[in-house]
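Participant: Quick one: sequence and predicted model below, then my questions.
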Amino acid sequence: MNEFITLEQIDRAVDTIRGRITNQPKVGMILGSGLGSLAESVEDAVFVPYSVLPPWPVSTVEGHEGRLVIGSLENQEVMVMQGRSHYYEGYSMPQIGFPVRVMQRLGVEILIVTNAAGAVNPDFEPGEVMLITDHLNLLGMAGESPLRGPNFDQIGPRFPDMGFAYDRKLGELTRQVAKESGFALREGVYVCLAGPSFETPADLRFLKAIGVDAVGMSTVPEVTVAVHGGMRALGLSTISNKANLDGETITSHEEVLEAGKIVLPRLTQIVTGVLQRL
Ligand code: HPA
């Protein structure tokens, strides 16, 4: 496959989806590792497997389904990605951004992204939820941006501003929901690394020094594409483990999936609360 995607590819996927749905999705949601079950609450759901939407990246990781769930949730028309793909699976960055491009051409205006992340901030505990207030685009700085290649002038500018990548109103709604639900909401800076190896203690000390609160392997490419196309983005990290800053603990994918199960009720409460208030 070409490294870059084309508008024709995007619009072919859009046509396939439009041929199967009758609603107009307004909110796109990408659910991370162990967090996909939120999609089961979608009413009047239409399921579209990623496999019929090439070159939509199909996840190969345990804990990720591979389908779109389109319907309504809390009276909002939603398009939920049950499972997502990552750069470490071998997809190009533009391909990782393909689903968000499809959402944009379908008229989706808001993107809610969740992920599982390791806590670099020592105050954060597994099971907590962090509102992403900003991200550090280390892969983008190294040249791996989903916007690399020909620009889609119909969708957004060549040089998009990233000063307000995470929508402040959506962040405020999230704070309100957490407060009313009676649990602490963390806030901070998320960094996306390429993975798939977890970080060394030296990696983590570096990330801490440059202002990272939580580390993961997703979200930044999708949000970059979302902002490029003028969508409002909300990012939520569920803290699945404490990062191994002192070299004394071990991080595993099983631990990440287990923590996902524990934090799911809280995450569900936040997402449904935000949807109710849109
Ligand atoms: N590092 C990177 N990605 C992750 C982690 C981590 O500790 N936990 C969940 N995703």
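Facilitator: Alright, I've got the coordinates.
Participant: And what about G140, helix, strand or coil?
Facilitator: Under the three-state scheme (DSSP: H, G, I helix; E, B strand; the rest coil), G140 adopts helix.
Participant: host element of whichever residue of the stretch 1-150 of the chain sits closest to the ligand?
Facilitator: Per C-beta to the nearest ligand atom, G118 is where the stretch 1-150 of the chain lies closest to the ligand, at 2.1 Å. (C-beta placed from N, C-alpha, C; glycine too.) Using DSSP states H and E, G118 sits within strand 110-119.
Participant: So what's the model's average confidence on that strand?
Facilitator: Strand 110-119 shows a mean pLDDT of 95 in the predicted model.
Participant: just checking, next helix/strand downstream of it?
Facilitator: strand 129-136.
Participant: Does that next one reach the ligand?
Facilitator: No: Strand 129-136 stays clear of the ligand (C-beta under 6 Å from any ligand atom), getting no nearer than 11.8 Å.
Participant: again, but for stretch 233-247
Facilitator: Yes: using C-beta under 6 Å from any ligand atom, stretch 233-247 reaches the ligand at 240-241, 243.
Participant: So what's the gap between that stretch and the chain middle?
Facilitator: Relative to its chain's centre, stretch 233-247 lies at 14 Å (C-alpha atoms, centre = their mean, to the nearest Å).
Participant: Can you list the buried residues in it?
Facilitator: 233-245 (16 or more other C-beta atoms under 10 Å).
Participant: CA atoms only for that stretch, dumped as CSV, please.
Facilitator: Coordinates of the C-alpha atoms in stretch 233-247 are reproduced here as CSV (Å, rounded to 0.1, in the frame of the first residue of the first chain):
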residue,chain,number,x,y,z
ALA,A,233,-11.2,16.6,20.8
LEU,A,234,-11.5,15.1,24.3
GLY,A,235,-8.8,12.8,25.4
LEU,A,236,-9.0,10.5,28.5
SER,A,237,-6.2,8.3,29.8
THR,A,238,-7.0,5.5,32.2
ILE,A,239,-4.0,4.9,34.4
SER,A,240,-3.3,1.2,34.2
ASN,A,241,0.1,1.1,35.9
LYS,A,242,2.7,3.1,37.6
ALA,A,243,5.6,3.7,35.3
ASN,A,244,8.7,1.8,36.4
LEU,A,245,10.9,4.9,37.2
ASP,A,246,13.0,3.1,39.8
GLY,A,247,13.5,-0.1,37.8
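Participant: And for F164, the neighbour number?
Facilitator: Using other C-beta atoms under 10 Å, F164 has 11 neighbouring residues.
Participant: How about the contacts made by the nearest residue to it once chain neighbours are set aside?
Facilitator: Distance criterion C-beta to C-beta, 6 or more residues apart in numbering; nearest residue to F164, sequence neighbours excluded, is V227 at 8.0 Å. By C-beta atoms under 8 Å, 6 or more residues apart in numbering, the contact set of V227 is 160, 162, 164-165, 233.
Participant: Tell me which helix or strand V227 sits in.
Facilitator: Using DSSP H and E, V227 falls in helix 220-228.
Participant: From the contact counts, what lies against the longest helix that the chain contains?
Facilitator: Longest helix of the chain, by residue count under DSSP state H: helix 253-277. Secondary-structure packing of helix 253-277 (3 or more C-beta pairs under 8 Å, 6 or more residues apart in numbering; DSSP states H and E): strand 110-119, strand 129-136, helix 168-181, strand 232-242.
Participant: Run through who's touching that helix.
Facilitator: For helix 253-277, using C-beta under 8 Å, 6+ apart, the contacting residues are 27, 29, 32-35, 37-38, 41, 62-63, 73-76, 78, 112, 114, 116, 126-129, 170, 173-174, 176-178, 180-181, 183, 185, 234, 236, 238-241.
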